[in-house]
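Trainee: how would this look folded up:
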Amino acid sequence: MLFPPEDSRAADARWSRLGGLTRRWSWLVGFTGLILTVAAVGLIVRPEWGFLQKYPGSSSISLDTGVSGGSSTSSDEYASIPQAGPDGAGSRPMTGGGRLTTTVLGVDEDGVLLTSAGRDTISSPSGTYKLSLQPDGDLVLSRLDEALGAVPVWWTATGDNRTPAGHNVTITTTPDGRPLLSVGAKLGGQWRTIWHSDLEPACRTPPTPAEADDRGDSLDRRGAARALSLSDSGVLRLAGLCDLFAPPSSRREGDRSLALIVAGLYRTNNVTCSSHVSQLIAGSPHFSRVDVFADVLLDDTDLAEHNRTAASVEAALRACYGGSLRAVAVAHVRDVEEAYPGGEEAAAMEPCGRKLRRLNNQLRTLERAARGWWAWSVERGQLHDTVMRIRPDTKFWGGEEERPRFRGVAEMGDALVLPHPKGEHYFYCARMSGRVGVGPTDQIAYGSPSAMLHWLGMHAHFADMVSLASNPSRPALRDFSGCEVLPSGPDPADCPAPAPCSIECLVAWFLEARGVRFEIEWGWNQGLLRMEAIAEDKDAKAFEAEERAKAAAAGGQK
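Mentor: Residues are numbered from 1 along each chain as shown. As a prediction, the model looks like this:
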């Protein structure tokens, strides 16, 4: 067919477009077919790529992907590991499209979880944590650090090395239906248990349904028996029963306990006690349990001017602290104070001199109160995550949003936190190493039990500190001199306004010398309510009005 020249060019253009479209369509069909082929082969070779995976010896469990709107919303997703052969094959966590945070390992048909003859390790999905059955028989959970390598965080201490490579880890079921994790060693041709999870108190009693729901244990609720899980956060869990290890960082805010030690002269506690309850105890956002240990002293002013007795003060303490009060002791100051233990010659040592008796007894008060708390804990086998000491006349103020903020266990570590009384003067102090810093208060502190035991136990070392470091002539490289203003250096000659033998500088010197890391907190609304200021305190006025009303009502009833 003949076309005019212009029609011929148009027809050629149309055929060119149709030819290009045909070539592109053929390419698209071919590429799609290739993708479908690869996916089909993958499902045949790796069946665990599916969304369902069966635990050895248990029912099928679906994987929570936690994906909604393209982002992960679950903080506790589980990857199951298929049963591994002797070479450890199949020990890779499965993936189902979501962000995996927990690896779950089930036992084989013989109940064996790990063995030194085969698979001996389970890792969290990210590889941050690893549980290994070591050749010496120790079962060790390690955190992998880029700089330090494998850092052990939990272990069974079963590495006696009597039978190298002759160990296994099993999960069996107890007569009452609980899973039991055991480490075994082959001794004399016989398998013997050398550790089991019932040695951990939390693993001897199954959690209640409410506890399991509160913990968010979705795996346990699905009924996965005889399995061990390890999360990227470091939680090692015997499924359906207990956590063998949970790092502080994995604990929720508020899920910890506080031992609150109230120690010192009673003074204005009849007014300040209510602030302890409202700011530290009632509805605490940081602690699920607050145990109060009161050890207070009376002086002659309490007896002569305020008509207080040991019995009346104890009754007032019980009424104020209520069910949180675990132990209370009330004594007259003359019955507990002691002479400075260094003798008369040491007591005259400058610059402390006459201050030594008072300082020594201040520290003795702390030690006495610490003994009461520690004895209570030992008698009941109960530990506290955080320990705090305040004075009876410490007062807190502010609204709900201004309550003291406590640092988390992971954030704080083994450090000591010393909240400085708001608005009070502070000293600059030379420390044992020659560093100069602000001196921390001796009135209030909180921290881990180990750090607080150093602070509460200063009395036992006070005489030695005075002998070693009370002034520049003593053996210590640096004495615990204080300065009212910023000095130019650590030596007494560097200070234009000395503050000799101040308790704040003694505390700083001692803590550094004991290797205790400490920090000063400046943001708390708290300080001492002294007797001379009580007449102007609005809470004290309200308290006095309430007491007068009670007295009038009692008189009317008579």
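Trainee: only C-alpha atoms for contact and neighbour calcs from this point on.
Mentor: Fine.
Trainee: Show me what counts as buried in stretch 311-330.
Mentor: Across stretch 311-330, burial judged by 16 or more other C-alpha atoms under 10 Å covers 313-314, 317-318, 320-321, 324-326, 328-330.
Trainee: now stretch 150-160
Mentor: Buried-residue list, stretch 150-160, by 16+ other C-alpha under 10 Å: 154-155, 158-159.
Trainee: that older thread, now intersect the buried residues of stretch 311-330 with the strands, please.
Mentor: 325-326, 328-330 (DSSP state E).
Trainee: Okay, the nearest residue to residue 197 once chain neighbours are set aside and residue 172: tell me how far apart.
Mentor: Nearest residue to residue 197, sequence neighbours excluded (C-alpha to C-alpha, 6 or more residues apart in numbering): residue 181, at 5.2 Å. The spacing between residue 181 and residue 172, counted by C-alpha to C-alpha, to the nearest Å, is 7 Å.
Trainee: the more surrounded of those two?
Mentor: For residue 181 versus residue 172, neighbours defined as other C-alpha atoms under 10 Å are more numerous around residue 181 (23 against 18).
Trainee: Looking at the strand or helix carrying the more buried one now, give me its mean pLDDT.
Mentor: Assessed by DSSP states H and E, residue 181 sits inside strand 179-187. Averaging pLDDT along strand 179-187 yields 93.
Trainee: strand partners of it, parallel vs antiparallel please.
Mentor: Strand 179-187 sits in its sheet next to strand 167-173 (antiparallel), strand 190-196 (antiparallel), going by DSSP bridges.
Trainee: Highest mean neighbour count out of those?
Mentor: Stretch with highest mean neighbour count among these: strand 167-173 (a mean of 22; mean count of other C-alpha atoms under 10 Å).
Trainee: what does that strand rub up against?
Mentor: 107, 111-117, 133, 135, 137, 179-186, 226-227 (C-alpha atoms under 8 Å, 6 or more residues apart in numbering).
Trainee: so who does the spatially most central residue of the chain touch?
Mentor: The residue lying closest to the centre of the chain (C-alpha atoms, centre = their mean) is residue 409, at 2.4 Å. By C-alpha under 8 Å, 6+ apart, residue 409 lies in contact with 248-249, 385-386, 448.
Trainee: distance between the ends of stretch 130-143?
Mentor: 7 Å.
Trainee: can you check stretch 328-343 too?
Mentor: End-to-end for stretch 328-343, by C-alpha to C-alpha: 32 Å.
Trainee: Using the record's domain definitions, break the chain down for me.
Mentor: Per the record, the chain has its domains at 75-250, 257-535, by automatic domain parsing.
Trainee: Run the chain-centre distance for the shortest one.
Mentor: In other words, domain 75-250. 23 Å (C-alpha atoms, centre = their mean, to the nearest Å).
Trainee: Same check on the last one?
Mentor: If you compare the mean C-alpha spot of domain 257-535 with that of the full chain, they lie 22 Å apart, counting by C-alpha atoms, centre = their mean.
Trainee: bridging residues for the closest residue to residue 384 other than its chain neighbours?
Mentor: Closest residue in space to residue 384, ignoring its immediate chain neighbours: residue 257 at 5.3 Å, by C-alpha to C-alpha, 6+ apart. Counting by DSSP bridges, residue 257 is bridged to residue 289.
Trainee: all strands for the stretch 251-400 of the chain, in order.
Mentor: Assigned by DSSP state E, counting those that start in this stretch, the strands in the stretch 251-400 of the chain fall at 257-265, 289-298, 325-332, 386-390, 394-396.
Trainee: Can you add distance to residue 489 and mean pLDDT and give the ones you listed back as a markdown table?
Mentor: Formatted as a markdown table, the strands of the stretch 251-400 of the chain follow (distance: least, C-alpha to C-alpha, whole Å; pLDDT from 0 to 100):
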| stretch | distance to residue 489 | mean pLDDT |
| --- | --- | --- |
| strand 257-265 | 35 | 97 |
| strand 289-298 | 40 | 97 |
| strand 325-332 | 43 | 96 |
| strand 386-390 | 32 | 97 |
| strand 394-396 | 33 | 97 |
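Trainee: how about those, which one is nearest residue 346?
Mentor: Of all these, it is strand 257-265 that lies closest to residue 346, at 25.5 Å by C-alpha to C-alpha.
Trainee: Can you name every helix or strand that the closest one contacts?
Mentor: Counting contacts by 3 or more C-alpha pairs under 8 Å, 6 or more residues apart in numbering; DSSP states H and E, strand 257-265 is packed against strand 289-298, helix 355-380, strand 386-390.
Trainee: give me that answer again for 10 Å
Mentor: With contacts defined as 3 or more C-alpha pairs under 10 Å, 6 or more residues apart in numbering; DSSP states H and E, strand 257-265 has these neighbours: helix 269-276, strand 289-298, strand 325-332, helix 355-380, strand 386-390, strand 445-447.
Trainee: For residue 471, find the nearest of the ones you listed.
Mentor: helix 355-380 (13.4 Å).
Trainee: Check which residues of that closest one are buried.
Mentor: 355-357, 359-370, 372-374, 376.
Trainee: before we move on, what about stretch 449-463?
Mentor: 449, 451-459, 462-463.
Trainee: Please apply the same query to stretch 394-404.
Mentor: Here stretch 394-404 shows 394-397, 403-404 as buried, counting by 16+ other C-alpha under 10 Å.
Trainee: What lies in contact with it?
Mentor: The contact list for stretch 394-404 (C-alpha atoms under 10 Å, 6 or more residues apart in numbering) reads 262, 267-269, 271-280, 284-286, 419, 421-422, 443-444, 523-530, 539.
Trainee: Give me the buried subset of those residues.
Mentor: 262, 267-269, 271-280, 284, 286, 419, 421, 443-444, 524-529, 539.
Trainee: Strands along the stretch 51-200 of the chain, start to end?
Mentor: Under DSSP E, counting those that start in this stretch, the stretch 51-200 of the chain gives strands at 52-54, 60-62, 67-68, 71-72, 78-81, 102-106, 112-115, 121-123, 129-133, 139-145, 149-155, 167-173, 179-187, 190-196.
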